[in-house]
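Visitor: can't give you the sequence, but here's the structure:
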């Protein structure tokens, strides 16, 4: 659990967001869903509305990893594109790390509607206090690389992994940072950081969408300006 000082509500929100960028991964082909997941209707809004709303709460810059080219100009954020073809989410991570000057990049998949801002803030705090290059939410199925915090120090290892033909989000952990050091990975149990049950659950199929929609979900705060 995080210390109470890390949850101090008096900390200025702008200060907490300083040096933090957000990246929504929405460039996948959605083969199992059969259509663009980011635009699926969920609780009366596009599915991407919910993770975008959470990212806006914790980051002073939000980017959209849109895959091969522009797809989401109407979402109101700068799009970044894969540096290599068919690079999967790892290429999206490379695009986000390369496009921001912030030290920390909070990454969410567009199909994770239940991740709340407090969980993301807690992951950033854990990454800072441990000095980790990567800090991931750990859910029922283990650490979730599509819900985590990545430091700018990850850029060189991610690029090296892509150049070697790697595509998995965890593949770059074994590549050295620019300073020659090893990538330091930490994790935090999501249930310790969020009141939601299994908040890092994602939506891959129509059945998943129905199941997640039926589950009790606390409302995401700060949805002003989110995708309509």
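Guide: Sure, I can see it. Just so you know, these numbers come straight off a predicted model, no measurement behind them.
Visitor: name every strand pairing with the top strand by length along the chain and say which way it goes.
Guide: The residue-count maximum for a strand in the chain (DSSP state E) belongs to strand 142-151. In the sheet, strand 142-151 lines up against strand 104-109 (antiparallel), strand 134-139 (antiparallel) (DSSP bridges).
Visitor: what residues sit buried inside that strand?
Guide: When neighbours are counted by 16 or more other C-beta atoms under 10 Å, the buried residues of strand 142-151 are found to be 143-151. Heads up, the C-betas are built off the backbone N, CA and C, glycines and all.
Visitor: what does stretch 40-56 give?
Guide: Neighbour counts over stretch 40-56 (16+ other C-beta under 10 Å) mark 40, 42, 45-56 as buried.
Visitor: want to try TSV for those residues, with distance to residue 134 as columns?
Guide: Shown next, in TSV, are the buried residues of stretch 40-56 (distance: C-beta to C-beta, whole Å):
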residue	distance to residue 134
40	28
42	28
45	30
46	28
47	25
48	23
49	27
50	23
51	19
52	22
53	24
54	19
55	17
56	22
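Visitor: reformat those as CSV; add distance to residue 127, secondary structure and pLDDT.
Guide: Shown next, in CSV, are the buried residues of stretch 40-56 (distance: C-beta to C-beta, whole Å; DSSP: H, G, I helix; E, B strand; the rest coil; pLDDT from 0 to 100):
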residue, distance to residue 127, secondary structure, pLDDT
40, 30, coil, 85
42, 28, strand, 81
45, 29, strand, 88
46, 29, strand, 89
47, 26, coil, 89
48, 24, coil, 92
49, 26, helix, 92
50, 23, helix, 90
51, 19, helix, 93
52, 21, helix, 96
53, 21, helix, 95
54, 17, helix, 95
55, 16, helix, 97
56, 19, helix, 96
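Visitor: chain center to the longest helix belonging to the chain, what's the gap?
Guide: Longest helix of the chain, by residue count under DSSP state H: helix 117-130. Here helix 117-130 is found 12 Å from its chain centre; the criterion is C-alpha atoms, centre = their mean, to the nearest Å.
Visitor: tell me the strands beside the helix or strand in which residue 24 is found, with direction?
Guide: Take DSSP states H and E as the rule and residue 24 turns out to sit in strand 20-25. Pairing partners of strand 20-25, with direction, according to DSSP bridges: strand 61-65 (parallel), strand 104-109 (parallel).
Visitor: what's next to it, contact-wise?
Guide: 48, 51-52, 55-56, 58-65, 77, 80, 89, 92-93, 96, 100, 102-110, 124, 146 (C-beta atoms under 8 Å, 6 or more residues apart in numbering).
Visitor: now that strand: average pLDDT?
Guide: Averaging pLDDT along strand 20-25 yields 97.
Visitor: also stretch 113-123?
Guide: 91.
Visitor: quick one: least confident helix or strand in the protein?
Guide: Ranked by mean pLDDT, DSSP states H and E, the weakest helix or strand in the chain is helix 206-214, scoring a mean of 54.
Visitor: ok, now which ones touch residue 67?
Guide: Counted by C-beta under 8 Å, 6+ apart, residue 67 has contacts 26-28, 81-82, 92.
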